[in-house]
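Asks: Kindly generate the corresponding structure for this input.
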Amino acid sequence: MEGDKDRKIAIIIPAYNEEEGINAVLDVVTKTPLVDEIIVVDDGSTDGTAEIIKRYLGIKLVSRESNGGKGAALKSGIEATDADVLVFLDADLVGLTPQHIQDLIDPLLSDEELMMTVGKFSGGRFRTDLSQSLVPFISGQRALKRAFLKDVPDISTTGFAVELIFTKHAKDSGAKVKEVALNDATHIMKEEKQGFFRGLMARLGMYADIIKHLLPRRR
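Replies: Down below sits the predicted model:
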């Protein structure tokens, strides 16, 4: 895998108990020519996620002893590479292609002022398309320049609100951001992975993380 000759490009995938579907994502990212490094952060999984990751040559596995949440996993991935361009992808994507990843990366390489691209599902599944249309700031598919992370608040305790933190930082800093359509891509819903009630509780926990960081902090 060879990236832009002047910039090192890394994909970071946070994963927690994703043994059922992560191989579909890893099959794609290992075939993406622009990428120099692939890092998967196993966030304290209790299933066979880590064993699946180990089957892929060239993938760097970062193992966390306990589940710290998405923000903590992404931070571990960021600290594990010195790449200039970082691509964040969820581990439960469906319909992901190398072209989707290239579409996230290319604008950053051609526009010096652009700091972040944000992927938006389109034509995949109605529920996920609708969710991202209503709250596009929660998309986990994005690419950014390392320089963008300067002065970003600590993301280690943000959980599922980490994307909100990135979006807010872009707005506060005036960073240029571009939305990228991810045609025919989607992801597995929490209720499908964990069963309705467990999945619903996980979804409510995700919304709680987001709402907590939307509310103004008390001084």
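
Asks: Any stretches of the chain with poor pLDDT?
Replies: Scanning the chain for pLDDT under 70 picks out 1-5, 123-137, 188-219.

Asks: in the host helix or strand of Leu26, what's buried?
Replies: Assigned by DSSP states H and E, Leu26 belongs to helix 22-29. Buried positions in helix 22-29, judged by neighbour count with 16 or more other C-beta atoms under 10 Å: 22, 25-26, 28-29. (Each C-beta comes from the backbone N, C-alpha and C, glycine too.)

Asks: Equivalent analysis for stretch 56-64, please.
Replies: 56, 59-62, 64.

Asks: From the residues you listed, which land in helices?
Replies: Among the buried residues of stretch 56-64, no residue falls in helices (DSSP state H).

Asks: Now flag whichever of these is closest to Val162.
Replies: Val162 lies nearest to Arg64 out of these, by C-beta to C-beta, at 14.8 Å.

Asks: Could you measure from that closest one over to Lys168?
Replies: As judged by C-beta to C-beta, to the nearest Å, Arg64 and Lys168 stand 25 Å apart.

Asks: As JSON lines, the buried residues of helix 22-29 with distance to Leu144 would be great.
Replies: Listed next are those as JSON lines, based on distance: C-beta to C-beta, whole Å:
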{"residue": "Ile22", "distance to Leu144": "22"}
{"residue": "Val25", "distance to Leu144": "19"}
{"residue": "Leu26", "distance to Leu144": "21"}
{"residue": "Val28", "distance to Leu144": "20"}
{"residue": "Val29", "distance to Leu144": "17"}
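
Asks: With respect to Ser45, which of those residues is nearest?
Replies: Ile22 (9.7 Å).

Asks: What residue, apart from its backbone neighbours, is nearest that closest one spatially?
Replies: Ala91 (4.7 Å; C-beta to C-beta, 6 or more residues apart in numbering).

Asks: Now Ala65: phi and psi?
Replies: If you look again at residue 65, you'll see it is Glu, not Ala. Here is the backbone geometry of Glu65 (degrees, to the nearest 10): phi -70, psi -30.

Asks: tell me the contacts of the closest residue to it other than its chain neighbours?
Replies: Closest residue to Glu65 apart from its sequence neighbours, by C-beta to C-beta, 6+ apart: Gly44 at 6.2 Å. Neighbour list for Gly44: 16, 64-68 [criterion: C-beta atoms under 8 Å, 6 or more residues apart in numbering].
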